[in-house]
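[1] based on what follows, work out the 3D shape:
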Amino acid sequence: RKGSWASVEEFNKSQRRWSIAGVVLLVASIAINVLLGFYKEGHKTPSPRNEAVAGMDLSMPPITSENVAPPEHVHDETTLANVDKEGVDLLETRYGHLTTNEHAQLILNGRLVKPAVQANSSLSIKESFRIGEDHLVLIENRGGSACPALFNFVAVRANGAQSYPTFGTCSDIYQVERIDNSVVLTMQGASNQAHRYVFVNGLLIDNGKQVGTQPTKDFSVEAVIDDPDGFTNVRAQANGKSAIIGRVESGDTFQTHPQNSDWWKVQIAGGAEGFIHRSRIVLVQQRF
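    Model (predicted):
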């Protein structure tokens, strides 16, 4: 309509030439814009931040065990012994975390070790040994100047943690070693008498004599409660329906003694006597 063409074929050839020219112009335009972008980036005035980091190696180093700092105060049985003679406050075992609670009591995964290990001043985890399927842990119970330290062995097992009788001469200077399936701790006592404490097969022996016999006299043993509610009611009689005459809070101590029944007679602060169910009572190891 707008011009004279000899034939339809000549018209189509002309259109194809214009199409090719359009594609060439589009590609050339894109290439020029890309080159201008690189030119501007290369001649951009550097900022103070860019100048500060110029020439620095900002590549990320590979993450290896050496690059990752371990959490503070967390140790396992392979890193505890001889690492920190001041002791640690958290031990990671195959059965969970052994540490202390706000009442300075020893706990495994949030539950009290039984019998309870109650600090006089503070508790410190000193050594750990893998014996069979158990972790045998040495706990130092720190005291005052008159008696700087006493000790407990605690066996951490799949079904919980069990503590063994408190021992020691009040000295905080000792040597400990593992001999086969036993752990031997030696220290000086009164009149420079040497004491050799051997823990083997659940028994603690001091110079050939077994340590720790439970007293049986009424109200001769200190105890605490282990109750998820944070307190336990003291009943007037040995049953759960009798009158409540008192209450023991978590961390509070009271007096009792081993008894052959589900309800144990107890003596709480102020001298009142009543009954607490055996499942809530945790005996405390001998203290300073």
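[2] how near is E273 to D262?
    Distance of E273 to D262, computed by CB to CB, to the nearest Å: 17 Å. All C-beta atoms are positioned from the backbone trio N, CA, C, and that covers glycine.
[3] over to V221?
    V221 sits 17 Å away from D262, going by CB to CB.
[4] and these two? Which one has more around it.
    For V221 versus D262, neighbours defined as other CB atoms under 10 Å are more numerous around V221 (21 against 12).
[5] show the end-to-end separation of stretch 256-276, please.
    End-to-end distance for stretch 256-276: 10 Å, by CA to CA, to the nearest Å.
[6] what does that stretch rub up against?
    With contacts defined as CB atoms under 8 Å, 6 or more residues apart in numbering, stretch 256-276 is touched by 214-221, 223, 225, 232-239, 242, 245-246, 248, 252, 254-255, 277-279, 281, 283.
[7] apply 10 Å and report the result again.
    Contact partners of stretch 256-276, identified using CB atoms under 10 Å, 6 or more residues apart in numbering, comprise 214-223, 225, 227, 232-240, 242-248, 252-255, 277-281, 283-284.
[8] my guess is F153 contacts N141, does it?
    No: counting by CB atoms under 10 Å, F153 stays clear of N141, with 11.9 Å between them.
[9] those two: who's more crowded?
    N141 (26 against 22).
[10] what's the helix or strand for the more buried one?
    strand 134-142 (DSSP states H and E).
[11] give the next helix or strand downstream of that strand.
    Taking DSSP H and E as the definition, the helix or strand right after strand 134-142 is strand 149-157.
[12] what strands line up against that following strand, and which way round?
    Here strand 149-157 is paired, per DSSP bridges, with strand 134-142 (antiparallel), strand 160-163 (antiparallel), strand 167-170 (antiparallel).
[13] which other residues reach the last one?
    It refers to strand 167-170. Against strand 167-170 from outside (CB under 10 Å, 6+ apart): 140-141, 143-144, 146-153, 174, 185, 187-190, 193-195, 197, 199, 204-206, 211-212, 285-286, 288.
[14] which stretches of the stretch 51-200 of the chain form helices?
    For the stretch 51-200 of the chain, no helices are identified by DSSP state H, counting those that start in this stretch.
[15] low-confidence stretches in this structure?
    Low-confidence segments of the chain (pLDDT under 70): 1-3, 5, 38-86, 213-216, 286-288.
[16] would you map out the domains in it?
    What automatic domain parsing lists as the domains of the chain is 1-54, 90-210, 221-283.
[17] same question for stretch 118-128: list its buried residues.
    Across stretch 118-128, burial judged by 16 or more other CB atoms under 10 Å covers Q118, A119, L123, S124, I125, K126, E127, S128.
[18] need the residues you listed in a markdown table with distance to I30, can you?
    Below are these laid out as a markdown table (distance: CB to CB, whole Å):
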| residue | distance to I30 |
| --- | --- |
| Q118 | 79 |
| A119 | 76 |
| L123 | 73 |
| S124 | 72 |
| I125 | 69 |
| K126 | 73 |
| E127 | 72 |
| S128 | 69 |
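[19] how about K241, secondary structure?
    coil (DSSP: H, G, I helix; E, B strand; the rest coil).
[20] PyMOL command for the buried members of the contacts of strand 167-170?
    Buried subset of the contacts of strand 167-170, written as a PyMOL selection, criterion 16+ other CB under 10 Å:
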select buried, resi 140+141+143+147+148+149+150+151+152+153+174+185+187+195+197+199+204+205+206+211+285+286+288
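[21] can you show me the strands along the stretch 51-200 of the chain?
    Taking DSSP state E, counting those that start in this stretch to define them, one finds strands in the stretch 51-200 of the chain at 90-93, 96-100, 106-108, 111-112, 122-131, 134-142, 149-157, 160-163, 167-170, 175-179, 182-188, 194-200.
[22] fine by me, we can end here.
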